[in-house]
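K.L.:
Have a look; sequence and predicted model below, questions after that.
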Amino acid sequence: MTTAPRTNPLSYLTDQLNDLKAKGTHFKLRVLADEQAPVCTFDGKKVINLASNNYLGLTTHPKLREAALAATRTYGVGSGAVRTIAGTMKIHMELEEKIARFKNVAACVVFQSGFAANAGTVSAILGQDDFIISDALNHASIIDGARLSKAKILVFEHKNISQADEKLARVKNEPGKKLLITDGVFSMDGDIAPLPALCDLAEKYGAIMMVDDAHASGVLGRHGCGTVDHFKMHGRVDIQVGTLSKAIGALGGYVCGPRELIDFLYHRARPFLFSTSHPPSVAATCIAAFEVLESEPERMESLWQNTRFWKKELALLGFDIGGRTTPASETPITPIIVGDGKLTMDFSRELFKEGVLGTGIAFPTVPEGKARIRTIMTATHTKEQLEQALEVLGKVGRRMAILPN
Ligand SMILES: *Cc1c(COP(=O)(O)O)cnc(C)c1O
C-alpha cells in the first residue's frame, strides 16, 4: 500500500513563529549555567542579574541547601502520589502548619506552584452563577482560575475603587456569590493594591476578599508576611495566596484562610487532587526559609536599602521609572519605561552585551506603548554591583537615545 506524503499538521505553528520573528518579539531562552545569584552566567556570559525574583537571596542560602539535602537523605526524592492518595508526607503537614503560624491564620494548604494555588482555588470555590470582580492587572493565574470557574468576570480599571464599587453595585441583588480579588503587589509595575479600600468594599457588599501576595511575601509586612500585615488588615481578608517560588527561593504556592476553606480545597481543588505533591526536599527547603525570614530580618532591611538606592539613582540618570505614564512602583520591582516595544528589546540586548541582565517586557504583557525593562532588586546585590549596573544603564541609555545625551 502506498501512502501520500503526510503533510505536517503542526505547520500553522511554524507560521505563527515566523510572524513573531517578523515582529521582532520572538525570543530564545537565556540559559543559566551556575546559581541564581546577583552575578551569574547566562548564555556563557557573566552578567549582573536584575531579573530574578530571588528577593532575599534564599535560592543559595546554606541553611536551605542543607535542609533540602537532609530531607532527601531521610525521605528520598519524591512523594510518589497526589496528596489525597498516598502523597501527604509529615513534612508537607509541617510546612502548612509553619505557614499558617507565620501568616497568623487558622490554616494553610500548599500547592505545587503559585499558579496552581490561584487557578485551583478560584475555580474550586466559585461556579457559573457567581461573580468575580477583578483588577485589570491581576496575574494570569487569577484570570485562568476565573475562566475555569465559569463565573461571570467583571474587570475594573487598575486600582479604580469607584469602578470596583460600581461593578459590585451592579450585581449586588444577584443571588450568586461575589469574589473581590487583587494582586497584593502588581508584578509589572511594582505598585501596591489599595487593600484597605478594597476590604471596605468587600464588607459593604458582603463579597469574599482574596489577595494574591506572590510579590509581597518576604517583601512587605512584618518578617515579610505580606500586604495584610503591611496595611494592618488582619481578619478582613478571607483568602491569602502566596508563592514559595519567589522570595522563599524554592517552588510552590499556598492558600491561607479559615480551616473550612482549606478543608474544602483538600476536597475540591483540582491541582491538589490530580497532581503529585512536592518532593520532601522542597517542603524542607521552604520550612527552613520561613525560619530564615524570622531569624535574619537584616535580609529584608538590605532589600529595602538597595531598593531605595536603586530607584533614586535610576531617576537621577533621567529614566522614567513609572509614575508619569504608568503607576509608580513602591516595591523592589522597578520598571524602566521605554515605550516602544522593539526599542525596549534592543535596549535589553545591548545591556546584556555590556554585562547587565534586564528583561525587556512589551505588549501583550504590558499595554502598547508602555514597554519597559523590568528590574528587580535583591538583598544580596552589593553596592559595587549596583553602581556598575547603573553605569552600563546610563551609557547604553545615552547611546540609544533613551536618555538625553
Ligand atoms: C509569580 C506569580 C504567581 C505564580 O507563582 P509561581 O509560584 O511562580 O507559580 C502568581 N501570582 C502572581 C501575582 C505572581 O507574580
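P.N.:
Thanks, I have it.

K.L.:
for Arg83, phi and psi?
P.N.:
Backbone torsions of Arg83, given as degrees, to the nearest 10, read phi -60, psi -40.

K.L.:
which residue packs closest to it, ignoring adjacent ones?
P.N.:
Sequence neighbours aside, Ser277 is the residue nearest to Arg83 in space, at 4.8 Å (criterion: CB to CB, 6 or more residues apart in numbering). C-beta coordinates here come from the backbone N, C-alpha and C atoms, glycine included.

K.L.:
my guess is that neighbour meets Gly87, correct?
P.N.:
Yes: using CB atoms under 8 Å, Ser277 is in contact with Gly87, at 4.3 Å.

K.L.:
Counting neighbours, go ahead and name the busier of these two.
P.N.:
Ser277 (26 against 16; other CB atoms under 10 Å).

K.L.:
In a helix, Glu387, correct?
P.N.:
Yes: applying DSSP: H, G, I helix; E, B strand; the rest coil, one finds Glu387 inside a helix.

K.L.:
Next up, phi/psi of the residue nearest the centre of the chain, please.
P.N.:
Centrality entry for the chain: nearest residue to the mean C-alpha point is Ala214, 4.4 Å, by CA atoms, centre = their mean. Reported as degrees, to the nearest 10, the phi and psi values for Ala214 are phi -50, psi -50.

K.L.:
separation between the closest residue in space to Ala207 that isn't next to it in sequence and the ligand?
P.N.:
Counting by CB to CB, 6+ apart, Ala207 lies nearest to Lys178, which is 3.9 Å off, once chain neighbours are set aside. Distance of Lys178 to the ligand, given as CB to the nearest ligand atom, to the nearest Å: 21 Å.

K.L.:
Pull the contacting residues for the closest residue to the ligand within the chain.
P.N.:
In the chain, the residue that lies nearest the ligand is Gly114 (2.3 Å; CB to the nearest ligand atom). Residues near Gly114 by CB atoms under 8 Å, 6 or more residues apart in numbering: 141, 212, 214, 241-246, 252-253.

K.L.:
which of those are close to the ligand?
P.N.:
Checking the contacts of Gly114 against the ligand by CB under 6 Å from any ligand atom, the ones in range are 141, 212, 214, 243, 245, 253.

K.L.:
Does the last one touch Thr121 like I think?
P.N.:
Spelled out, that is Gly253. No: when contacts are counted by CB under 8 Å, Gly253 is not listed as touching Thr121 (9.3 Å).

K.L.:
Now do the shared contacts for these two.
P.N.:
Residues within reach of Gly253 and of Thr121 at once, by CB under 8 Å, 6+ apart, are Val241.
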